[in-house]
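*Asks:* Quick one, what's the 3D model for this:
(one chain, ligands or ions: 1)
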Amino acid sequence: MSLLLGVNVDHVATLRQARYALLPDSPNAEPCPVQASLDAIAGGADSITIHVRGDRRHMQEADAFRIKDAIKVPLNLEMGVTAEMIAIALSLQPEFVCLVPETREEVTTEGGLDVVSRRRDVGDCIRVMQKAGIRVSLFIDPEIEQVRCAAELGAEMIELHTGCFGNATPATVDAEIERLAAAARVGHEVGLQVNAGHGINYLNCRLLEAVSYLTEYNIGHSIVARAMRVGLEQAVREMKALMESYSSSK
Ligand code: PXP
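*Replies:* Model prediction:
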């Protein structure tokens, strides 16, 4: 089966907020995350990912609801494990959520969710989501202990944090790929759908070919950056073509 691509459009909202944080509903407020989602889908996105953060630095709740209404592919809501976000997810009803760690100071999500030390609240959140018919992914570091714990907690999916892989040097990249491969293998063995995300770009995505059992990549920054030159639809199309070129050669 070919690899799926989830496109994270948070940065579109980041750009809008840079000018219109106080006037998000102004007719001048641009660019529009709904239009960006539709453009990404036109380019071949299999799902749209958004992260409503506690500090609302990019996506606003209203964006989430407008996107959910406008798109026909699954919506993946990244969310911190907080009562506020659980309430938003239950009302939004995305097809799936990805539970992530969240700290106010970070520029972007910096590490995986430590599901081993947060068993109880993560487990509670998973049950609440599943009861509402929402599938759950856990964004975790590629560590076997975390993968096994995700399965024990009953999540359907994991998203392996590829940030260290994305920042790897020629000296460290092989070790990072091996860590991802080992985690993906165990994830597959314990029955989880295994996704990957963070720091994947047009150059390094080919290296992930060495990691078996991946179902979906979640990519934001690199695609939105490429869109500055070629437009979002084309940027997504190019990434999909790259992914297809090597998944079909597997
Ligand atoms: N997956 C998760 C869980 C994330 O938090 C992010 C960043 O928002 C991404 C994927 C996308 O990462 P990037 O923007 O580096 O492609």
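
*Asks:* where along the protein do the helices fall?
*Replies:* For the chain, applying DSSP state H gives helices covering 10-20, 33-42, 61-70, 83-92, 119-131, 144-152, 163-166, 173-189, 221-230, 232-247.

*Asks:* Do stretch 180-187 and the ligand come into contact?
*Replies:* No. If you take Cβ under 6 Å from any ligand atom as the test, stretch 180-187 misses the ligand, and the best it gets is 13.8 Å. No exception for glycine: its C-beta is placed from N, CA and C like everyone else's.

*Asks:* roughly how far is that stretch from the heart of the chain?
*Replies:* A distance of 18 Å separates the centroid of the chain from that of stretch 180-187, by Cα atoms, centre = their mean, to the nearest Å.

*Asks:* contact partners of it?
*Replies:* By Cβ atoms under 8 Å, 6 or more residues apart in numbering, the residues outside stretch 180-187 that reach it are 142-144, 146-148, 150-151, 158, 160, 162, 165, 194, 196, 208, 210-214.

*Asks:* just stretch 220-238 next, same as before
*Replies:* Contact with stretch 220-238 is made by 5, 7-12, 36, 39-40, 42-45, 49, 108, 199-202, 239, as judged by Cβ under 8 Å, 6+ apart.

*Asks:* Up against the ligand, what does this structure have?
*Replies:* Going by Cβ under 6 Å from any ligand atom, the residues of the chain near the ligand are 8, 10, 51, 78, 98, 100, 108-109, 139, 159, 197-200, 218-222.

*Asks:* Just the buried residues of those.
*Replies:* Applying 16 or more other Cβ atoms under 10 Å to those, the neighbour count classes 8, 10, 51, 78, 98, 100, 109, 139, 159, 197-200, 218-222 as buried.

*Asks:* how about low-confidence regions in the protein?
*Replies:* Along the chain, the model assigns pLDDT under 70 to residues 1, 104-109, 247-250.

*Asks:* which residue is nearest the centroid of it?
*Replies:* Per Cα atoms, centre = their mean, the C-alpha nearest to the average position across the chain is that of residue 218, at 4.4 Å.

*Asks:* and the closest residue in space to it that isn't next to it in sequence, what are its bridge partners?
*Replies:* Computed as Cβ to Cβ, 6 or more residues apart in numbering, the closest residue to residue 218 that is not its neighbour in sequence is residue 197, at 3.3 Å. Taking DSSP bridges as the rule, residue 197 bridges to residue 161, residue 218.

*Asks:* who touches residue 197 in this structure?
*Replies:* 6, 8, 139, 159, 160, 161, 162, 217, 218, 219.

*Asks:* what's the answer for residue 68, then?
*Replies:* For residue 68, the contacting residues are 75, 92, 93, 94, by Cβ under 8 Å, 6+ apart.

*Asks:* And residue 212, its phi and psi?
*Replies:* When quoted as degrees, to the nearest 10, the phi and psi of residue 212 stand at phi -80, psi 170.

*Asks:* quick one, what contacts it?
*Replies:* Residue 212 neighbours (Cβ under 8 Å, 6+ apart): 181, 184, 185, 188.

*Asks:* at 7 Å instead, please
*Replies:* By Cβ atoms under 7 Å, 6 or more residues apart in numbering, the contact list for residue 212 reads 181, 184, 185.

*Asks:* next one: residue 66
*Replies:* Residues in contact with residue 66 (Cβ under 7 Å, 6+ apart) are residue 34.
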